[in-house]
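Asks: Structure of the sequence below:
(one chain, ligands or ions: 1)
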Amino acid sequence: MDTSDYARWFRDSTPYISRHRNSTFVVLLDGAAFNSANLANIVHDLALVHVLGARLVLVHGARPQLDRNLTDSVFHQGRRITRPADLPAITGTYGELRSRLEAMFSTGLPSSPLHQTDIAVISGNFITAQPLGIVDGVDHELTGATRKVHTRRLRLALDSGALVLLSPIGYSPSGQAFNLASDELATDVALALGADKLVIFNPAEALTGDNGERLSVMSPSELDTYLSQQSGADVNHLHCALRACRGGVKNTQLIGYEKDGALLNELYTAKGDGTQITESLHDLIRPARQEDVASIVEIIRPLEDQGILVRRSRDRLEQEIGHFLVAEIDSTVVGCCAVYPYENAAELACVVVHPSYRDRLTDEGSGQLSIGSALLEAAEAAARTASAQNLFALTTQTRDWFLENGFIDNTPDALPAPKQALYNYQRNSRVMIKPLD
Ligand SMILES: CC(C)(COP(=O)(O)OP(=O)(O)OC[C@H]1O[C@@H](n2cnc3c(N)ncnc32)[C@H](O)[C@@H]1OP(=O)(O)O)[C@@H](O)C(=O)NCCC(=O)NCCS
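Replies: As a prediction, this is how the structure comes out:
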């Protein structure tokens with residue numbers, strides 16, 4: 001990255017820095033991440049996110065470490081049965097991992113990115129646990145589940161400016177320790193705190209579609225369908241993501257722990273990283289259907305009459321409806337856009353918001369978003385799914401809006417060849433391009 005790229009990246013991240021300040025993120029760090037060469041980068045990135053004002057609760061797992069230390073463990077439906085004799089090895093393993101993370105957050109050497117950041121890390125009895133009990137006739141002994149998350153205690157710790165670090169262990173009112181599943185604990189904490197985001201560090205970078213393409217955004221019901229098609233795979237994290245979204249966590253993000261910078265990409269760039277599971281953006285924006293054609297015509301005709309949009313016949317709209325996305329509020333189509341993929345690029349066309357809904361913020365997706373920007377975000381996700389590296393638009397009167405949304409002026413010869421051939425020099429539209437990488 002040269003200096004100007006760096007400056008641009010830094011500037012572009014400003015809205016995200018503001019948006020995330022004082023937001024609460026619960027982050028699950030899979031036990032396998034401790035074996036990754038990228039662990040130090042993850043800790044540095046978490047420290048940076050903390051310094052930029054987000055409130056972080058970090059929950060760590062320890063499955064590979066426990067597998068190594070407890071070679072004769074018995075499992076039921078993927079869950080370890082915790083025998084009382086195993087508990088010292090389990091608490092010892094958790095203590096070791098927690099201490100490793102605390103040590104990494106405490107590194108203050110001048111050569112370290114954590115130099116002069118001085119982060120307080122707090123752990124403690126933030127959870128009351130209960131035994132899981134007997135499931136399918138199998139006694140789970142000291143394997144437990146969350147009985148209560150002490151949100152007041154957690155908030156006080158976060159208010160004090162500390163990062164909260166939780167091991168998957170909880171105590172019953174009688175003082176008995178219970179071994180918990182880290183992903184379930186992270187989900188319970190995110191739900192109890194009403195977290196803005198649950199971030200799950202996974203072995204895989206993202207969920208992928210049939211052709212191996214990254215699925216950048218998914219609704220909970222799409223994730224549900226995806227899960228029903230997975231047989232035998234380790235999908236506990238995904239079930240947790242689904243439970244978090246359905247329980248009201250606006251945004252759950254699956255990112256890869258092997259990928260350097262995945263957390264920063266996810267939080268501070270429009271492109272994001274991994275797979276985002278969110279209900280609200282999907283509630284607002286959805287693919288158009290044939291029965292939406294009449295509503296789309298109603299929204300775009302006045303702009304066609306003014307010459308702002310190129311006229312499309314109703315027949316053409318019906319044929320191209322598969323390229324359209326619509327914004328819908330209270331069962332009414334209030335906006336639309338179309339995404340036409342080309343080789344390596346995609347065209348964003350026909351972005352229109354109904355006049356009564358323009359310049360209006362909705363509390364959707366990952367924060368406050370206008371309908372125009374929600375359409376743009378969904379269009380970018382669709383373009384990425386089609387492996388586009390650029391999104392381009394031709395505009396005569398809306399240049400500033402595109403500029404404000406990350407597009408850059410360009411010339412017709414930057415367009416994909418088939419589009420160049422159709423470029424109408426008389427209309428003299430401006431060519432605006434937004435790099436998606
Ligand atoms: C462009 C449009 C989709 C934005 O929708 P929105 O939900 O209002 O989205 P945003 O909140 O992101 O944009 C609003 C801002 O863009 C500005 N804006 C809207 N149209 C603009 C234009 N033609 N030129 C410059 N700025 C424009 C608004 O003044 C507002 O600015 P503000 O934030 O300083 O108040 C919507 O204004 C619209 O439908 N415009 C008419 C259709 C159009 O021009 N489409 C582009 C075809 S190429």
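
Asks: can you count the residues close to T117?
Replies: 16 (other Cβ atoms under 10 Å). Placement of C-beta: from N, CA and C, glycine included.

Asks: which parts of stretch 250-266 are buried?
Replies: Under the neighbour-count criterion of 16 or more other Cβ atoms under 10 Å, stretch 250-266 has 250-259, 262-266 buried.

Asks: then it to PDB, C-alphas only?
Replies: Once non-C-alpha atoms are left out, stretch 250-266 reads as follows in PDB (Å, rounded to 0.1, in the frame of the first residue of the first chain):
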ATOM      1  CA  LYS A 250     -28.400  -7.000  14.700                       C
ATOM      2  CA  ASN A 251     -25.300  -8.300  13.100                       C
ATOM      3  CA  THR A 252     -23.300 -11.500  13.400                       C
ATOM      4  CA  GLN A 253     -20.000 -11.700  11.500                       C
ATOM      5  CA  LEU A 254     -18.100 -14.900  10.600                       C
ATOM      6  CA  ILE A 255     -14.500 -14.200   9.800                       C
ATOM      7  CA  GLY A 256     -11.400 -16.300   9.400                       C
ATOM      8  CA  TYR A 257      -8.800 -16.400  12.100                       C
ATOM      9  CA  GLU A 258      -6.000 -17.200   9.600                       C
ATOM     10  CA  LYS A 259      -6.600 -14.000   7.600                       C
ATOM     11  CA  ASP A 260      -4.500 -11.100   8.600                       C
ATOM     12  CA  GLY A 261      -6.700  -7.900   9.100                       C
ATOM     13  CA  ALA A 262     -10.000  -9.700   8.800                       C
ATOM     14  CA  LEU A 263     -11.500  -7.900  11.800                       C
ATOM     15  CA  LEU A 264     -10.300  -4.400  10.600                       C
ATOM     16  CA  ASN A 265     -11.700  -5.100   7.100                       C
ATOM     17  CA  GLU A 266     -15.000  -6.200   8.600                       C
END
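
Asks: same question for it, mean pLDDT?
Replies: Mean per-residue pLDDT for stretch 250-266: 92.

Asks: what are the phi and psi values for T107?
Replies: Taking degrees, to the nearest 10, you get phi -60, psi 120 for the backbone angles of T107.

Asks: Looks like it contacts D118 (just checking).
Replies: No. Assessed by Cβ atoms under 8 Å, T107 is found out of contact with D118, at 10.8 Å.

Asks: chain center to the helix or strand Y94 falls within, what's the gap?
Replies: Taking DSSP states H and E as the definition, one finds Y94 inside helix 87-106. The chain centroid and the centroid of helix 87-106 are separated by 28 Å under Cα atoms, centre = their mean, to the nearest Å.

Asks: Flag every buried residue along that helix.
Replies: 87, 90, 93-94, 97-98, 101, 104-105.

Asks: Mind listing residues that contact it?
Replies: Helix 87-106 has contacts (Cβ atoms under 8 Å, 6 or more residues apart in numbering) with 29, 31, 34, 39-40, 43, 46-47, 58, 60, 62, 65-66, 69-70, 82, 114, 119, 121, 123, 142, 163, 165, 167-169, 177, 179.

Asks: From these, list just the buried residues.
Replies: 29, 31, 34, 39, 43, 46-47, 58, 60, 62, 65-66, 70, 82, 114, 119, 121, 123, 142, 163, 165, 167-169, 177, 179.

Asks: Any idea which residue of the chain lies closest to the ligand?
Replies: Residue of the chain nearest the ligand, by Cβ to the nearest ligand atom: G372 (2.4 Å).

Asks: is it true that that residue touches L348?
Replies: No. Checked against Cβ under 8 Å, the pair G372 and L348 is beyond contact range at 11.4 Å.

Asks: Compare neighbour counts for those two and give me the winner.
Replies: L348 (26 against 22).

Asks: excluding its backbone neighbours, what's nearest the more buried one?
Replies: Nearest residue to L348 in three dimensions, chain neighbours excluded: A393, at 4.7 Å (Cβ to Cβ, 6 or more residues apart in numbering).

Asks: Okay, and the beta partners of the one you found?
Replies: M432 (DSSP bridges).

Asks: what about it, distance to P168?
Replies: 48 Å (Cβ to Cβ, to the nearest Å).

Asks: can you check G95 too?
Replies: 12 Å.

Asks: which other residues reach the host helix or strand of L303?
Replies: L303 is part of helix 293-305 when elements are defined by DSSP H and E. Where contact means Cβ under 8 Å, 6+ apart, the residues beyond helix 293-305 that reach it are 288, 309-312, 314, 317-318, 321, 324, 326, 332-336, 350, 352, 354.

Asks: what's the offset of that helix from the middle of its chain?
Replies: The chain centroid and the centroid of helix 293-305 are separated by 33 Å under Cα atoms, centre = their mean.

Asks: I'd like the average pLDDT over it.
Replies: 94.

Asks: One more: stretch 41-52?
Replies: 94.

Asks: Please apply the same query to stretch 148-156.
Replies: Mean pLDDT, computed over stretch 148-156, is 97.

Asks: can you list contacts of that stretch?
Replies: Looking at what lies outside stretch 148-156 - Cβ under 8 Å, 6+ apart - the contacts are 57, 124-128, 164, 188-189, 192-193.
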